[in-house]
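S.K.: The amino acid sequence is not available; the structure is as follows:
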């Protein structure tokens with residue numbers, strides 16, 4: 001190419017930053033570059049297979065293949081595929097910019113990583129092509145797109161700019177040439193490269209051949225046979241781990257492997273994995289799934305709704321024998337057949353999780369610790385599978401310590417005359433366990449679920465029941481604990497004193513619209529006061545979550561409950577109504593209840609002034 005045909009461009013800022021971080025921080029796991037380049041090549045071959053269905057003119061006479069050529073003398077490693085190829089515009093878009101938020105997330109994590117953490121970061125973020133610069137001083141990409149007569153070459157040293165120009169005599173597909181760094185020369189050794197291929201890319205659905213020197217005979221390293229087409233008993237755990245890593249883009253081992261073939265009305269094969277660690281995009285706002293859809297081994301899309309969103313942590317694929325190959329991706333999404341596959345796969349995943357829970361409680365507890373917050377989204381979203389999901393759910397409770405408890409365990413331990421499953425929602429388990437609203441339940445030996453995930457406030461308030469027992473918040477409505485005796489007779493609430501009603505009415509009048517009501521409490525044993533939501537209002541934590549998003553219900557005011565046996569309350573009640581100390585005490589009771597509930601006093605200055613006056617009076 002001549003200087004007149006070469007166009008030099010600057011990398012997008014994020015690309016330049018990524019390249020700098022990778023070159024200087026990720027050397028300890030450089031083998032991953034080859035997996036990324038092979039994955040790109042395999043995707044290109046699969047894409048050509050897919051597009052040639054709609055446009056047979058694109059079909060190639062030769063079978064899909066990935067060729068890796070080694071040249072020790074020139075210190076180059078070349079990865080060639082006969083896939084779809086790229087146009088000049090494709091090169092600029094794919095190699096000069098970053099379009100995926102995941103890559104930015106990778107950079108943020110990489111920049112913040114401590115020494116030794118890089119191997120865990122790499123492979124989690126789809127850094128793809130850019131990983132080549134970990135081992136190469138310069139990279140060239142020669143490519144010609146199927147259906148085009150034009151070919152282009154892209155080249156860069158990864159230091160801030162790249163050049164792109166027309167070229168000639170290129171076959172359809174892409175050839176990536178890496179000019180290796182001095183300390184990466186071992187990647188021209190057959191034994192090294194073959195080991196990396198087998199370890200990281202042994203099950204891509206495209207054959208991989210290796211050429212040790214320019215004139216050497218090609219040696220087939222993998223035959224491109226799809227792992228999911230093989231009998232379940234013929235696949236080793238190591239092969240599953242290798243395939244999981246290649247398809248999921250993660251570097252851990254699968255916690256659970258699911259492999260089956262559905263036959264009958266619909267035929268499809270499923271190979272899916274539950275990760276051990278959380279994928280980086282688990283709580284991405286889009287909350288999309290990560291299951292690939294194949295039709296008779298032809299890759300169709302990784303955007304089909306194969307699983308409901310609350311199972312988005314599952315990685316793997318579905319290969320259908322019934323879906324037509326020539327359907328558009330939009331039509332596939334609306335296909336009744338895909339809906340049937342979704343139902344069958346989701347039911348099977350949940351059933352296998354249930355089997356794991358029954359057979360290996362410790363392993364299931366580790367799974368729940370990692371993905372329970374996501375699975376609980378289904379309790380709120382998926383009414384049809386709600387009972388199954390509630391059976392899979394595990395909870396920390398006031399009586400369970402650090403052990404996970406199932407709802408079956410909870411119901412089996414319910415007290416006589418207990419008619420509801422009680423729960424408390426918040427952000428901190430320790431604070432919930434010590435909250436005033438739980439005192440009366442603890443005194444009666446009633447177990448309370450401690451729910452600390454944001455989704456808990458939504459599903460628990462959605463009219464859910466388990467085994468005929470409704471869920472009831474300890475901070476909402478009346479506690480109705482009178483039918484259940486306390487374990488210690490000393491904690492049994494005494495009948496309110498005659499003056500209690502007048503004192504309660506006076507407190508309500510004094511506090512005004514700060515509360516919706518004031519009443520005597522049967523849920524308090526040691527605290528003087530607490531705040532609860534009204535019987536038909538929202539749970540207190542749900543109110544806070546909605547308020548944080550500007551959606552606080554109008555007129556939502558809490559109910560103040562008073563422990564009429566508490567010394568502070570009884571002494572306040574005995575004071576004359578016109579006593580300044582009594583009014584200060586009423587407001588301080590309200591502020592104390594707010595603080596115990598994790599909130600600040602509404603009037604910080606007023607709180608400080610009242611506290612100062614009360615202390616001054618007490619100290620004489």
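M.R.: Ah, there it is. This structure is a prediction, so every number in the text was calculated from the model and none was measured.

S.K.: Please name the nearest non-neighbouring residue to residue 226.
M.R.: Excluding the flanking residues, the one nearest residue 226 by Cβ to Cβ, 6 or more residues apart in numbering is residue 205, at 4.9 Å. C-beta coordinates here come from the backbone N, C-alpha and C atoms, glycine included.

S.K.: what about the helices in the stretch 301-450 of the chain?
M.R.: Using DSSP state H, counting those that start in this stretch, the helices of the stretch 301-450 of the chain run over 329-333, 336-359, 361-375, 377-381, 386-392, 407-412, 429-433, 439-443.

S.K.: do the same with the stretch 151-300 of the chain
M.R.: 190-201, 237-248.

S.K.: again with the stretch 1-150 of the chain
M.R.: Counting by DSSP H, counting those that start in this stretch, the stretch 1-150 of the chain has helices at residues 13-25, 32-54, 88-96, 101-112, 118-121.

S.K.: Show me what counts as buried in the third one.
M.R.: Translated: helix 88-96. Buried residues in helix 88-96, counted by 16 or more other Cβ atoms under 10 Å: 88, 90, 91, 92, 94, 95, 96.

S.K.: what packs against that helix?
M.R.: If contacts are counted by 3 or more Cβ pairs under 8 Å, 6 or more residues apart in numbering; DSSP states H and E, helix 88-96 sits against strand 136-144, strand 151-156, strand 161-167.

S.K.: Residue 76: which of those strands is closest?
M.R.: For residue 76, the closest of the helices and strands packed on helix 88-96 is strand 136-144, at 8.9 Å, according to Cβ to Cβ.

S.K.: May I have the strands that pair with the closest one, each with its orientation?
M.R.: According to DSSP bridges, strand 136-144 forms sheet pairs with strand 151-156 (antiparallel), strand 173-180 (antiparallel).

S.K.: Now render those strands as TSV, adding mean neighbour count and distance to residue 469.
M.R.: Formatted as TSV, the strands paired with strand 136-144 follow (neighbours: other Cβ atoms under 10 Å; distance: least, Cβ to Cβ, whole Å):
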stretch	mean neighbour count	distance to residue 469
strand 151-156	22	64
strand 173-180	23	61
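
S.K.: what's the closest of the ones you listed to residue 458?
M.R.: With Cβ to Cβ as the criterion, residue 458 lies closest to strand 173-180 of the strands paired with strand 136-144, at 47.2 Å.

S.K.: wouldn't residue 232 be in contact with residue 259 here?
M.R.: Yes - between residue 232 and residue 259 there is a contact under Cβ atoms under 8 Å: 5.0 Å.

S.K.: Between the two, point out the one with more neighbours.
M.R.: residue 259 (17 against 11; other Cβ atoms under 10 Å).

S.K.: hang on, the earlier thing: can you report phi and psi for the residue nearest to residue 226?
M.R.: phi -80, psi 30 (degrees, to the nearest 10).

S.K.: Which one of the helices of the stretch 151-300 of the chain lies nearest to residue 469?
M.R.: helix 237-248 (38.6 Å).

S.K.: circling back to that earlier point, pick out the shakiest of the helices of the stretch 301-450 of the chain, pLDDT-wise.
M.R.: Looking over the helices of the stretch 301-450 of the chain, mean pLDDT reaches its minimum on helix 329-333, with a mean of 68.

S.K.: The closest residue to residue 575 other than its chain neighbours sits in which helix or strand?
M.R.: The shortest distance from residue 575 to any non-neighbouring residue, by Cβ to Cβ, 6+ apart, is to residue 582 (4.2 Å). Secondary structure assignment for residue 582, by DSSP states H and E: helix 580-596.

S.K.: What mean pLDDT does that helix get?
M.R.: 94.

S.K.: which parts of it are buried?
M.R.: 581-594, 596.

S.K.: For the helices of the stretch 151-300 of the chain, give me JSON lines that also has mean neighbour count and mean pLDDT.
M.R.: Output for the helices of the stretch 151-300 of the chain, formatted as JSON lines (neighbours: other Cβ atoms under 10 Å; pLDDT from 0 to 100):
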{"stretch": "helix 190-201", "mean neighbour count": "17", "mean pLDDT": "86"}
{"stretch": "helix 237-248", "mean neighbour count": "19", "mean pLDDT": "88"}
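
S.K.: Let me have those helices in JSON lines, extended by distance to residue 374.
M.R.: Compiled in JSON lines, the helices of the stretch 151-300 of the chain are given as follows (distance: least, Cβ to Cβ, whole Å):
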{"stretch": "helix 190-201", "distance to residue 374": "28"}
{"stretch": "helix 237-248", "distance to residue 374": "16"}
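
S.K.: Residue 562: which of the ones you listed is closest?
M.R.: helix 237-248 (55.5 Å).

S.K.: Which residues outside the closest one are in contact with it?
M.R.: 35, 39, 123, 199-204, 227, 250-251, 253-254, 257, 271, 273, 275, 279, 290, 292, 315-317 (Cβ atoms under 8 Å, 6 or more residues apart in numbering).

S.K.: Now restrict those residues to buried residues only.
M.R.: Using 16+ other Cβ under 10 Å, the buried ones in the contacts of helix 237-248 are 35, 39, 123, 200-204, 227, 250-251, 253-254, 257, 271, 273, 275, 279, 290, 292, 315-317.

S.K.: pretty sure residue 506 is in a strand, no?
M.R.: No - checked against DSSP: H, G, I helix; E, B strand; the rest coil, residue 506 lies outside a strand; its state is helix.

S.K.: what sits against it?
M.R.: The contact partners of residue 506, taken as Cβ under 8 Å, 6+ apart, are 577, 586.

S.K.: Over to residue 610?
M.R.: 584, 587, 588, 591.

S.K.: Report pLDDT for the closest residue to the third one other than its chain neighbours.
M.R.: Here the nearest residue to residue 588 in space, its sequence neighbours aside, is residue 610; by Cβ to Cβ, 6+ apart that works out to 5.6 Å. At residue 610 the predicted local confidence, pLDDT, stands at 95.

S.K.: Look at residue 610 and tell me its secondary structure.
M.R.: State at residue 610, reduced to three classes by three-state DSSP: helix.

S.K.: before we move on, back to that, for the buried residues of helix 88-96, which one is nearest residue 66?
M.R.: Checking those against residue 66 by Cβ to Cβ gives residue 94 as the nearest, at 17.7 Å.

S.K.: from memory the closest one sits against residue 129, does it?
M.R.: Yes - counting by Cβ under 8 Å, residue 129 is a contact partner of residue 94 at 7.2 Å.

S.K.: what's next to the helix holding residue 582, contact-wise?
M.R.: With Cβ under 8 Å, 6+ apart as the criterion, helix 580-596 contacts 435-436, 506-507, 510-511, 514-515, 527-531, 560, 562, 568-569, 572, 575-576, 600-602, 606-607, 610-611, 613-614, 617.

S.K.: What's the PyMOL syntax to select whichever of those residues are buried?
M.R.: Buried members of the contacts of helix 580-596, defined by 16+ other Cβ under 10 Å, are picked up in PyMOL with:
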select buried, resi 435+436+506+507+510+511+514+515+527+528+529+530+531+560+562+568+569+572+601+607+610
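
S.K.: Show only the entries of the contacts of helix 580-596 found in strands.
M.R.: Using DSSP state E, 529, 530, 531, 560, 562 are the members of those that sit in strands.

S.K.: per-residue pLDDT, the first one?
M.R.: Reported pLDDT at residue 529 in the predicted model: 96.

S.K.: contacting residues around residue 415?
M.R.: Residue 415 is in contact with 444, 445, 446, 484, counting by Cβ under 8 Å, 6+ apart.

S.K.: one step back: looking at the ones in strands among the contacts of helix 580-596, which two lie furthest apart in space?
M.R.: 531 and 562 (11.0 Å).

S.K.: The closest residue to residue 162 other than its chain neighbours and residue 163: what is the separation?
M.R.: Once flanking residues are discounted, residue 162 sits nearest to residue 156: 3.6 Å by Cβ to Cβ, 6+ apart. Distance check for residue 156 against residue 163: by Cβ to Cβ, to the nearest Å, it reads 7 Å.

S.K.: same deal with residue 81?
M.R.: 22 Å.

S.K.: Thanks a lot, see you next time.
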